[in-house]
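J.: Would you be able to build a 3D model of this:
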Amino acid sequence: MTNTIAVLGSTGSIGRQTLDVAEQLGLRVAVITANTGVDLAEEQVRKFRPRLAVMADEKAAKDLALRLSDTETKVLGGAAALEEAATAPEADTVVTAVVGMVGLRPTLAAIGAGKRIALANKETLVCAGELVVDAAERSGAEIIPVDSEHSAIFQCVQGCADRREIRRLILTCSGGPFYGMQAEDVGKKTRADALKHPNWKMGPKITVDCATLMNKGLEVIEAMRLYRLPLEQVDVVIHRQSIVHSLVEFQDGAVLAQLGTPDMRLPIRYAMTYPNRGENVAEPLDLLTCPPLTFARPDRETFPCLGLAERAAAEGGTACAVLNAANEEAVRLFLRGKIGFYDIFQKTSQAMAALPVAAHPTLEEILAADREAREIVVNSQ
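T.: Numbering: from 1, shown residues only. Alright, predicted model coming up:
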């Protein structure tokens, strides 16, 4: 059970909901970090009174320090300060809710310090999953996934004494806002269209990834790394209702699923209270009033980013870092109105084709692949 937390990315969607859960559970918040959102960071500091607040943007850190000069909270700025935040001695759990590769080094630092990691940063496992899982095994750090799908799998395998009993993991996918449409119609969709997720309220980057199905492809890679399974044992099914969050099929034919309303506070709460379950003030799932539960195969032709991610998963090594970095930059261009919807796939695919794959990369090689992939997408304008 968690007592004190550090929240990396406290002003984002997951970070804000984590603070809600922390307040409900009576947890102490020792550290918060953000990027540039000074107004909300100040509000959070004044409410939760953490010992340390870090802004990745140094200009924002100076602004926050001036605003908080009447408090006892220490304010630091810059990427290096994120590692100090991640290793704060009083925090027993570090919630990694930052978006992007900026979360990798702080997560590794927290793992090295033996913290419980409530992991909501996809890039950590996608780009450096083997390094992260190996480091956790060496240090004894727990990794508790916060993504709804991976939390569901984590919950379903709690009674599994031998992971060799798993036949396959089945990740559910809402299908995003363009499910069932033809490619010619999907290609015309705009930023505003892509941000209309049918079930979840999330940040813009992950919402676009849900529209392209890249998000599900990244989750396939995460699942492979977390449970050390090959691609052949990780499947994706479309489940429009987002009530079955994922399933695990075992060798004896039994299939276990975790169901719940589409509310990220549930997996966040579980990561805080594991191995126990904390009281949830929200309304529970009502099977008598919820819609019928449906399942379908994903359309990999209309949504080719899923297949692209699966290809990177099969190649392994730095292919996953290239995929992630190129996609991040392409989505950023799409959100700024610089490219079209299918250009996200095209630019990510081009970067993957341009860069060689290092099979067993070091951290430095992963970071180099990340930089090179970003340069290819940015310079293609």
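J.: and residue 362, how many neighbours?
T.: 11 (other C-beta atoms under 10 Å). C-betas here are computed from N, CA, C, even on glycine.
J.: Identify the residues contacting stretch 364-376?
T.: 101, 104, 127-128, 131, 318, 321-326, 328-329, 347, 350-352, 354-355, 358, 361 (C-beta atoms under 8 Å, 6 or more residues apart in numbering).
J.: Filter those down to just the buried residues.
T.: 101, 104, 127-128, 131, 318, 321-326, 328-329, 347, 350-352, 355, 358, 361 (16 or more other C-beta atoms under 10 Å).
J.: Okay, and which of those residues map to helices?
T.: Residues of the buried ones among the contacts of stretch 364-376 located in helices (DSSP state H): 104, 127-128, 131, 321-326, 328-329, 347, 350-352.
J.: how about residue 192, secondary structure?
T.: helix (DSSP: H, G, I helix; E, B strand; the rest coil).
J.: what's near enough to touch it?
T.: Applying C-beta under 8 Å, 6+ apart, no residues qualify as near residue 192.
J.: Kindly report the same for the one 4 residues further on.
T.: Shown here is residue 196, whose contacts under the criterion C-beta under 8 Å, 6+ apart are residue 177.
J.: And what about the residue in the chain sticking out farthest from the centre, helix, strand or coil?
T.: Here the centre of the chain is the reference, and by C-alpha atoms, centre = their mean the most remote residue is residue 70, at 34.9 Å. Using three-state DSSP, the structure places residue 70 in coil.
J.: For it, give its distance to residue 46.
T.: Separation of residue 70 from residue 46 (C-beta to C-beta, to the nearest Å) stands at 10 Å.
J.: Repeat that for residue 129.
T.: Taken as C-beta to C-beta, the span from residue 129 to residue 46 is 37 Å.
J.: ok, those two, which is more surrounded?
T.: Applying other C-beta under 10 Å to residue 129 and residue 46 shows that residue 129 carries more neighbours, namely 20 against 13.
J.: show me the contacts for that one.
T.: Neighbours of residue 129 in contact, by C-beta under 8 Å, 6+ apart: 221-222, 224-226, 320.
J.: Tabulate those residues (TSV), appending pLDDT and secondary structure.
T.: Formatted as TSV, these follow (pLDDT from 0 to 100; DSSP: H, G, I helix; E, B strand; the rest coil):
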residue	pLDDT	secondary structure
221	97	helix
222	96	helix
224	96	helix
225	94	helix
226	93	helix
320	97	helix
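J.: Among those residues, which one sits closest to residue 202?
T.: residue 222 (16.1 Å; C-beta to C-beta).
J.: which non-adjacent residue is nearest that closest one?
T.: Spatial nearest neighbour of residue 222, excluding adjacent residues (C-beta to C-beta, 6 or more residues apart in numbering): residue 125 at 4.4 Å.
J.: next one: residue 3
T.: Nearest one to residue 3, counting by C-beta to C-beta, 6+ apart, is residue 92 at 5.8 Å.
J.: dump the residue contacts of that neighbour.
T.: Residue 92 touches 2-5, 115-116, counting by C-beta under 8 Å, 6+ apart.
J.: what's the spacing between it and residue 25?
T.: Distance from residue 92 to residue 25, by C-beta to C-beta: 13 Å.
J.: shared neighbours of these two, which are they?
T.: With C-beta under 8 Å, 6+ apart as the test, residue 92 and residue 25 both reach residue 2.
J.: Would you map out the domains in this structure?
T.: For the chain, automatic domain parsing gives the domain ranges 4-145, 162-262+282-312, 316-381.
J.: for the protein, what spans make up the strands?
T.: Ranges of strands in the chain, per DSSP state E, are 4-8, 28-34, 52-55, 74-77, 93-96, 116-119, 143-145, 166-173, 234-238, 244-250, 255-259.
J.: Among the ones you listed, single out whichever gets nearest to residue 270.
T.: The stretch from the strands of the chain with the least distance to residue 270 (C-beta to C-beta) is strand 143-145; that distance is 7.5 Å.
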